[in-house]
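1. Build the 3D model from these lines:
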Amino acid sequence: MKGISEKKLRNWTLPLAIICGLFFHDFLSSFYALTPWLLAAMMFFTCSRVSITQMKVRPIHFMLLSVQVFGGVLIYYLLRGVSEPLAQGLMICLFTPVATASPVVGAILGADVTLMTTYVLLSNITAAVLAPLFFTCINPGADITFLSSFAHIMQKTVLLLIVPLVISWLMDKFTPKAHEFVKGCRYTSFYLWAMCMMILIGSTIHSVIQDDNPDPTLEIVMAASSLVLCLLLFWCGQKAGERYGDTVAVRQMLAQKNTGIGVWMTISFLNPLASIVPAAYIIWQNTVNSMEIAKGREDRAQ
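-> Below is the predicted model of the structure:
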């Protein structure tokens with residue numbers, strides 16, 4: 001019974017997190033400062049299950065990085081004449097690195113966790129290095145220099161990814177029993193991810209409500225565009241994964257975005273209104289993930 005209860009809890013975790021973020025946004029927005037720590041904790045528990053000797057850069061990683069970088073740049077320059085906030089929001093959804101929680105979902109669905117964790121590191125480091133340059137180009141009037149934005153993003157992304165990874169490896173070497181205990185906390189990253197997602201949704205909804213000059217039509221278009229992009233990335237990832245031999249891993253690496261960092265980067269460096277797109281993406285991608293997890297369990301039960 002305990003195992004069944006745990007499965008039901010995981011099935012309902014993401015939908016409940018989305019609902020709480022929507023309805024308790026005023027309360028949850030006050031916890032926004034906790035999101036970097038939640039992201040770091042997620043990465044720590046994920047890395048505890050990965051061996052450094054097994055992590056290798058593969059051709060599929062370069063293909064996915066190309067979509068992340070060049071796809072983001074292309075969609076921005078194609079749409080900036082239509083709407084700057086829309087162009088920035090969709091760019092962020094593509095440019096944002098893969099979610100640190102993607103290996104957690106991948107593990108539940110039977111994907112290659114090492115392949116996915118390697119890409120988590122590559123994707124996040126790429127975003128941290130290139131984001132300051134790109135943001136300075138598209139937002140030259142921002143009251144922040146290239147060096148300060150670079151340092152800030154590096155601190156918030158690379159350090160919060162690399163430090164947990166190093167701590168995990170040091171524990172494996174010097175405190176193996178403690179490391180084994182951490183490895184046994186299989187779904188901790190999943191629940192931390194849900195908490196982070198709930199806070200970010202709440203923070204963005206709160207920001208939109210507090211906007212002095214709301215544009216409901218534009219906001220609806222941005223949310224709908226986010227849905228179209230989300231479904232397109234999952235579909236493309238499925239097709240590419242069929243050729244590569246691991247549909248779950250490639251699908252999640254391409255479509256499951258670290259929208260926590262995406263929302264943070266948008267609010268911090270771009271037009272805050274653009275954060276509607278990655279915030280809506282949180283809802284769409286996790287709705288898809290919830291369906292995938294439920295379907296995966298049904299398939300295994302048959």
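
2. List phi and psi for Val98.
-> phi -60, psi 150 (degrees, to the nearest 10).

3. Just give me the residue closest to the centre of the chain.
-> Asn258 (1.3 Å; CA atoms, centre = their mean).

4. Show me the shaky parts of the chain.
-> 1-8, 10-11, 50-53, 139-161, 211-214, 296-302 (pLDDT under 70).

5. Who's the closest spatial neighbour of Thr114, skipping the chain neighbours?
-> Distances taken as CB to CB, 6 or more residues apart in numbering place Gln54 nearest to Thr114, at 4.7 Å, with adjacent residues excluded. Just so you know, the C-beta spots here come from the backbone N, C-alpha and C atoms, and that holds for glycine as well.

6. Tally up the residues packed near the one you found, please.
-> 12 (other CB atoms under 10 Å).

7. repeat for the one 10 residues further on
-> One way to gauge burial is a neighbour count; for Leu64, by other CB under 10 Å, it gives 22.

8. what sits against it?
-> Neighbouring residues of Leu64 by CB atoms under 8 Å, 6 or more residues apart in numbering: 98, 119, 123, 250, 253-254.

9. Let's see which of those residues end up in helices.
-> In helices, judged by DSSP state H, the following of the contacts of Leu64 are found: 119, 123, 250, 253-254.

10. Just the buried ones out of those residues, please.
-> By neighbour count, with 16 or more other CB atoms under 10 Å, these hold 119, 123, 250, 253-254 as buried.

11. Kindly present those as TSV, with separate columns for distance to Leu133.
-> Shown next, in TSV, are those (distance: CB to CB, whole Å):
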residue	distance to Leu133
Tyr119	22
Ser123	17
Val250	28
Met253	24
Leu254	23
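
12. List the backbone torsions phi and psi for Lys257.
-> Per degrees, to the nearest 10, the backbone of Lys257 is at phi -100, psi 150.

13. wouldn't it be in contact with Ala101 here?
-> No. Using CB atoms under 8 Å, Lys257 is not in contact with Ala101, being 10.4 Å away.

14. Tell me which two of the ones in helices among the contacts of Leu64 sit farthest apart.
-> For the ones in helices among the contacts of Leu64, the maximum inter-member distance is 13.0 Å, found between Ser123 and Val250 (CB to CB).

15. what's the spacing between stretch 209-222 and its chain's center?
-> Centroid displacement of stretch 209-222 relative to its chain, using CA atoms, centre = their mean, to the nearest Å, is 24 Å.

16. Quick one: end-to-end length of that stretch, please.
-> End-to-end distance of stretch 209-222 (CA to CA, to the nearest Å): 15 Å.

17. And the lengthiest helix in the chain, what's buried?
-> Secondary structure assigned by DSSP H gives helix 216-244 as the longest helix of the chain. In terms of neighbour count (16+ other CB under 10 Å), helix 216-244 has its buried residues at 219, 221-223, 225-226, 229-230, 233-234, 237, 240-241, 244.
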